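A.B. asks: Sequence and predicted model, in that order:
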Amino acid sequence: MEFNEAADAFVEHLLKVRRLSPATARAYRSDLLDLARSSGDCSLNEIELESLREWLWVATKRGDAKATIARRTAAARSFFAWTVEQGLIERDPSLRLVAPKRGRSLPRIATQDALATLLSAMQVAASSGDAIALRDHALVEMLYGAALRVSEVCRLDLSDLDRTQRTARAMGKGSKERVVPYGGAAARAVDSYLVRGRPALVARAAGSPTETALFLGARGGRMGTRAVYDVVSRALGEHVGGAAGPHSLRHSAATHLLDGGADLRSVQEILGHASLGTTQIYTHVSSERLAESYRLAHPRA
C-alpha cells in the first residue's frame with residue numbers, strides 16, 4: 001500500500017473507530033501528507049527514524065510552534081503504530097521519536113469590565129432591530145455565557161435550546177454531548193434574536209428555508225466557524241491584547257467563573273474537559289491576576 005493510500009485509510013480509522021473530531025483528523029492527515037512530501041513520497045517500508053527526525057527538525061527550523069511539532073510527532077507515532085497493527089509494515093520507525101515538551105501558555109482573556117462594555121454596546125446596536133446586529137449580540141452572549149467552543153455554537157440547532165431552563169445541549173470533542181447553562185443576559189439576547197432577527201435571515205435563504213441551525217449567516221444558511229471568528233474578532237479585538245477569537249470568550253468565561261467562586265469540577269463540566277488538569281490552567285490565570293494586583297497595590301510588594 002502506498003503512503004498516501006495508507007494515510008487516507010488511517011484518517012478513516014480515526015473518524016469511524018477512534019471517533020476523533022473531523023478537525024483533529026484533518027490536522028493528522030495534513031501532517032502525514034507533509035511527511036510524505038518531505039520523504040520524497042517513498043514507500044512506507046523505506047521511512048526510518050532518521051527520516052522522521054529530519055522532518056521534525058525542518059519544521060522546527062521553519063519556526064513551527066512546539067504544539068505543532070508535538071502534534072506532528074503524535075500523528076506519526078499513531079499512524080505507524082496503526083500500520084504495524086494492520087500488517088502494512090513489520091517495524092515501527094517512530095518508537096523512539098520524541099516530541100518536544102509543550103510550553104503551557106496562559107490563555108488570553110478579557111476583563112469582566114471590558115466584556116460588560118462590549119456587550120452593552122452590542123445590545124445598543126441590536127436595539128435598532130437589524131438582523132445581523134441581533135444575531136451577533138446573541139452569538140457573543142452565548143459564547144461567553146455558556147463557555148462554548150466555536151464548533152459547538154455552530155452546531156447548535158433550535159431544538160438544542162431549553163429556553164425555560166436556560167440550558168443548551170452542546171456536542172463537544174469526540175461527539176461527547178453535554179448540557180450547559182446560560183444566563184439571563186444571554187437568554188434575553190437569544191430571545192430577541194429569535195423573535196426579530198432570525199426570521200429576517202430565514203427570509204434571505206434561497207428556496208424553501210429548512211435550516212434548523214440556531215445561528216444563521218447573512219444568506220440564511222448555518223453559520224460556519226470562519227464567520228463566527230470574523231464576528232468575534234471584530235467585536236473583541238480592542239478589548240483583548242493581540243488577536244482574539246471565540247476561544248478568548250471561552251477562556252474569559254472560565255476564569256470569571258473561578259474568580260466568582262465556582263469550584264473547579266463544576267467549571268470542568270461546563271467546559272466539557274475530559275481531564276481536570278486541562279481546566280486547572282484557569283486557576284493559574286486567576287493566580288497570575290492576583291499576583292499582579294498584589295504587586296500593583298501592596299506598599300511592600
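C.D. replies: Looks like it arrived, so ask away. Residues are numbered from 1 along each chain as shown.

A.B. asks: the domain parsing of the chain - what is it?
C.D. replies: 3-85, 112-296 (automatic domain parsing).

A.B. asks: Can you add mean pLDDT and mean neighbour count and give the ones you listed back as a markdown table?
C.D. replies: Using the backbone N, CA and C atoms, a C-beta is placed for each residue, glycine as well. Shown next, in a markdown table, are these (pLDDT from 0 to 100; neighbours: other CB atoms under 10 Å):
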| stretch | mean pLDDT | mean neighbour count |
| --- | --- | --- |
| domain 3-85 | 87 | 16 |
| domain 112-296 | 86 | 17 |
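
A.B. asks: would you list every one of the helices in this protein?
C.D. replies: For the chain, the helices defined by DSSP state H cover 3-16, 22-38, 49-61, 66-85, 112-126, 131-145, 150-155, 184-192, 198-202, 225-236, 246-259, 264-271, 276-279, 281-297.

A.B. asks: Those helices: which one's closest to Ala170?
C.D. replies: helix 150-155 (4.3 Å; CB to CB).

A.B. asks: what residues does the closest one touch?
C.D. replies: Helix 150-155 is contacted from outside by 21, 23, 139, 142-143, 170-172, 213, 215, 222-225, 228-229, 245-247, 272, using CB atoms under 8 Å, 6 or more residues apart in numbering.

A.B. asks: ok, now how distant is Arg204 from Gly220?
C.D. replies: Arg204 is 4 Å from Gly220, where distance means CB to CB, to the nearest Å.

A.B. asks: returning to that earlier point: can you list the domains of the chain in JSON lines and add distance to Asp92?
C.D. replies: Putting the domains of the chain into JSON lines (distance: least, CB to CB, whole Å) gives the following:
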{"stretch": "domain 3-85", "distance to Asp92": "5"}
{"stretch": "domain 112-296", "distance to Asp92": "25"}
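
A.B. asks: among those, which is nearest Ala99?
C.D. replies: For Ala99, the closest of these is domain 3-85, at 3.6 Å, according to CB to CB.

A.B. asks: thought Thr167 was touching Val179?
C.D. replies: Yes: counting by CB atoms under 8 Å, Val179 is a contact partner of Thr167 at 5.1 Å.
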